[in-house]
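J.: give me a model of this one.
(one chain, ligands or ions: 1)
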Amino acid sequence: MTDTAASSTAEAFRVVRNPHAATPEERAKKLEHLNFGVTFTDHMARVTWTADGGWGDRRIEPYGPIPMDPASSVLHYAQEVFEGLKAYRWADGSVRLFRPEANAARLQRSAWRMALPELPAEDFMASIQALVELEQDWVPDAPETSLYLRPFLIGTDVFLGLRPPKKVDYLLIASPSGPYFSGGVKPVSIWVERDYHRAGPGGTGAAKCGGNYAASLRPQVEAYERGYDQVLYLDAASGQLLEELGGMNVFAVRADGTVLTPIINGNILEGVTRSSVMQLIEDQNLKVVERDITLAELREGVESGEITEVFACGTAAIVTPVGRMGSADFEVTVGGGEPGPVTLAIRQRLTDIQYGRAEDTYGWMHRVV
Ligand code: COI
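T.: Residues are numbered from 1 along each chain as shown. Purely as a prediction, here's the structure:
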């Protein structure tokens, strides 16, 4: 079946059942102790695009390896973009997504930047509806757990020349997961990177493409070796301005109640959690300012006490306090190394909305089941 129609519903996805799906007992065992991103459900969703036929062959199929020709373009030129979002189990048994339409839109923007076809938002939403409905028993209910959803696009045409692919697959896999950082709300340490940059002007920094994350791994390895958990990048043009961490946006809280975050400048990922956190901060009667922030301002502010808290945020990491920052020429402890009150309040407010413990006055939550 091929069809290019933009309107797609969950019923448009034909279902090929996994004959080896986990039994209820096997599933319960797998859901007992969840880490991030290591356990997967029985099925995945898939839609295939061809240059001639557009988007078609919408299906749910058994989760498993995807046989691929070794000349497939994603394997050579990293023609890949992805998303991350979560399905939450509420106390009433229902299953909800957090702002999925924002992920659908960002996947399109990322695809555009990499000259990949844009998946219609209707297909994105329908694939999630179809998969999560089928896999609803995999949505965990223990505190801090969720069904992490990973939609992605890959170039699958068989050609070693460099050009936009003529065949692309969209896949959606689901992983019942625990926290990204184990050990509760424990502050992380960040290495401020001077030698490597994550993105440059006109580059792919704003796209959620695998290549950005691959390039962050060398600096990450070196940061680990120096005793730091994460890397904070500076802009490539001046080497002075904060951008983001390898997989999270960054915020700094000032003693006067102003909260700063780097302005979206084409290099920074437009985080869904970032924009939600900004809204929540404003609704706590604090002021959010998006602007250029220099490393000197951050460092001196932390040293003088003018900056009382630093935190990172993202879908996987939620809101994570930063307790220590360092680079070749400095080392500072943030807020005595303890999570600060603004960080904790925002994290609580966000997760209360996500897990249905507080009323969703923003219309952010989307019911699936
Ligand atoms: C997410 O937060 O969903 C991401 O995609 C970041 C990744 C490093 C887990």
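
J.: write out the residues of the stretch 151-300 of the chain neighbouring the ligand.
T.: Contact residues, the stretch 151-300 of the chain versus the ligand (C-beta under 6 Å from any ligand atom): residue 247. Where you see a C-beta, it was placed from the backbone N, CA and C, and this is true even at glycine.

J.: next up, the contacts around residue 133.
T.: Residues near residue 133 by C-beta atoms under 8 Å, 6 or more residues apart in numbering: 10, 368, 369.

J.: residue 189: which of these is nearest?
T.: Using C-beta to C-beta, the shortest approach to residue 189 within those belongs to residue 368, at 36.8 Å.

J.: ok, the closest one touching residue 132?
T.: Yes: if you go by C-beta atoms under 8 Å, residue 368 and residue 132 touch, sitting 4.7 Å apart.

J.: tell me where the stretch 151-300 of the chain has helices.
T.: In chain order, the stretch 151-300 of the chain shows helices spanning 210-215, 217-225, 272-282, 295-304, with DSSP state H, counting those that start in this stretch as the criterion.

J.: closest to residue 156 out of the ones you listed?
T.: Shortest distance between residue 156 and the helices of the stretch 151-300 of the chain, using C-beta to C-beta, is found for helix 210-215: 14.4 Å.

J.: quick one, what contacts residue 137?
T.: For residue 137, the contact set (C-beta under 8 Å, 6+ apart) comprises 24, 27.

J.: looking at the stretch 51-200 of the chain, which residue is nearest the ligand?
T.: Nearest to the ligand, among the residues of the stretch 51-200 of the chain, is residue 84, at 2.3 Å (C-beta to the nearest ligand atom).

J.: contacts only, for that residue.
T.: 103, 148, 149, 150, 314, 315, 316.

J.: map the structural domains onto the sequence of this protein.
T.: Described in terms of automatic domain parsing, the domain architecture of the chain consists of the residue ranges 2-178, 188-354.

J.: ok now the first one, how far from the chain's centre?
T.: When distances are taken as C-alpha atoms, centre = their mean, to the nearest Å, domain 2-178 is centred 14 Å away from the chain's centroid.

J.: what of the last one?
T.: Domain 188-354 has its C-alpha centroid displaced from the chain centroid by 15 Å (C-alpha atoms, centre = their mean).

J.: so residue 316 versus residue 300, what's the distance?
T.: With the distance defined as C-beta to C-beta, to the nearest Å, residue 316 ends up 31 Å from residue 300.
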